[in-house]
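Undergrad: here are the coordinates; sequence isn't available:
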Ligand code: NAD
């Protein structure tokens with residue numbers, strides 16, 4: 001993938017940046033010149049060599065805890081004076097019918113996906129207001145645009161992220177703060193996808209059915225890759241998207257458009 005963006009001297013925080021889409025985003029932005037701070041609770045040791053080479057700082061941060069999100073953002077601000085870009089990307093799935101969801105599972109899913117995004121926005125916007133603006137990109141999902149039968153609580157959390165993105169986009173345009181989100185379809189080579197595939201009786205069959213559900217993915221006979229979502233996040237975060245705010249950008253190979261014509 002080409003690295004067409006210029007993030008020279010931009011200070012960036014990526015939550016859930018130690019794996020999958022977040023990791024690809026952190027690496028892409030660091031290669032484009034950004035000072036990148038990653039917050040995560042897993043995979044922290046796995047990236048040491050690559051992240052050190054790229055100057056990416058990895059911090060233990062559970063996005064369900066406000067004090068830890070605040071500390072992550074303050075770490076970036078303390079070192080570079082501001083935060084220019086925040087990518088609220090940490091997320092977990094919950095494949096369960098509503099009658100089987102426990103309160104603890106609801107809390108884990110909604111707190112990670114939604115409350116973590118709220119904490120990130122809250123603390124980044126404080127600094128962005130003080131320093132003339134910034135850009136926030138939230139990782140929502142196709143599940144934030146359409147209802148989903150197999151993981152309703154996940155879908156609820158992602159719909160709320162789209163709503164939060166639109167509301168904050170409306171509130172903070174006047175402050176030169178842009179807030180957007182990406183809505184990926186099924187992305188391969190991620191922890192979340194591997195967890196789902198590992199639980200499937202027919203891994204190859206499930207993979208193929210997800211590829212077939214996305215017209216462009218089907219045309220290329222492969223899943224969407226983390227770097228393809230990272231590239232869209234970079235676009236939304238970059239000055240190329242200066243007039244884009246409050247949008248929910250689908251990166252799903254056309255999956256959410258409906259049933260394609262047959263034949
Ligand atoms: P992933 O599991 O590879 O990455 C998610 C990262 O978030 C992991 O590094 C994980 O450790 C981290 N994380 C989880 N809980 C956390 C917490 N409480 N605090 C901090 N970090 C935490 O999966 P991914 O697919 O790269 O997921 C990234 C985002 O993309 C998620 O928000 C997910 O909902 C979204 N998404 C994924 C897909 C997909 O098909 N993989 C599709 C649409 C949206």
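TA: Nice, thanks for sending it over. Being a predicted model, the structure only gives us computed values, none of them experimental. Residues are numbered from 1 along each chain as shown.
Undergrad: Quick check: the spatially closest residue to residue 92 that is not a sequence neighbour vs the ligand, distance?
TA: Excluding its sequence neighbours, the residue lying closest to residue 92 (C-beta to C-beta, 6 or more residues apart in numbering) is residue 112, at 4.9 Å. Using the backbone N, CA and C atoms, a C-beta is placed for each residue, glycine as well. According to C-beta to the nearest ligand atom, to the nearest Å, residue 112 stands 4 Å off from the ligand.
Undergrad: so residue 112, which of the three states?
TA: Taking DSSP: H, G, I helix; E, B strand; the rest coil as the rule, one finds residue 112 in the helix state.
Undergrad: now residue 108
TA: Of the three states, residue 108 takes helix according to three-state DSSP.
Undergrad: I figured it was touching residue 92, is that so?
TA: Yes. With contact defined as C-beta atoms under 8 Å, residue 108 counts as touching residue 92 (6.6 Å).
Undergrad: State the next helix or strand along the chain beyond the longest strand along the chain.
TA: Across the chain, the longest stretch assigned as strand under DSSP state E is strand 177-184. Next helix or strand after strand 177-184 toward the C-terminus (DSSP states H and E): helix 191-199.
Undergrad: and that next one, how far from the chain's centre?
TA: What separates the centre of helix 191-199 from the centre of its chain is 17 Å, taken as C-alpha atoms, centre = their mean, to the nearest Å.
Undergrad: Stretch 156-164 too?
TA: Averaging C-alpha coordinates over stretch 156-164 and over its chain gives two centres that are 12 Å apart (C-alpha atoms, centre = their mean).
Undergrad: One more: stretch 204-222?
TA: In terms of C-alpha atoms, centre = their mean, the centre of stretch 204-222 is set 22 Å apart from its chain centre.
Undergrad: Next: stretch 231-243.
TA: Here stretch 231-243 is found 14 Å from its chain centre; the criterion is C-alpha atoms, centre = their mean.
Undergrad: Contacts for that stretch next, please.
TA: Outside stretch 231-243, the residues that touch it by C-beta atoms under 8 Å, 6 or more residues apart in numbering are 1, 5-7, 12, 21, 25, 28-29, 32, 85, 87, 89, 135, 137, 139, 178, 180, 182, 244, 247, 249, 251.
Undergrad: And stretch 202-209, by the same measure?
TA: Everything outside stretch 202-209 that qualifies as a contact, by C-beta under 8 Å, 6+ apart, is 188, 196, 197, 200, 223.
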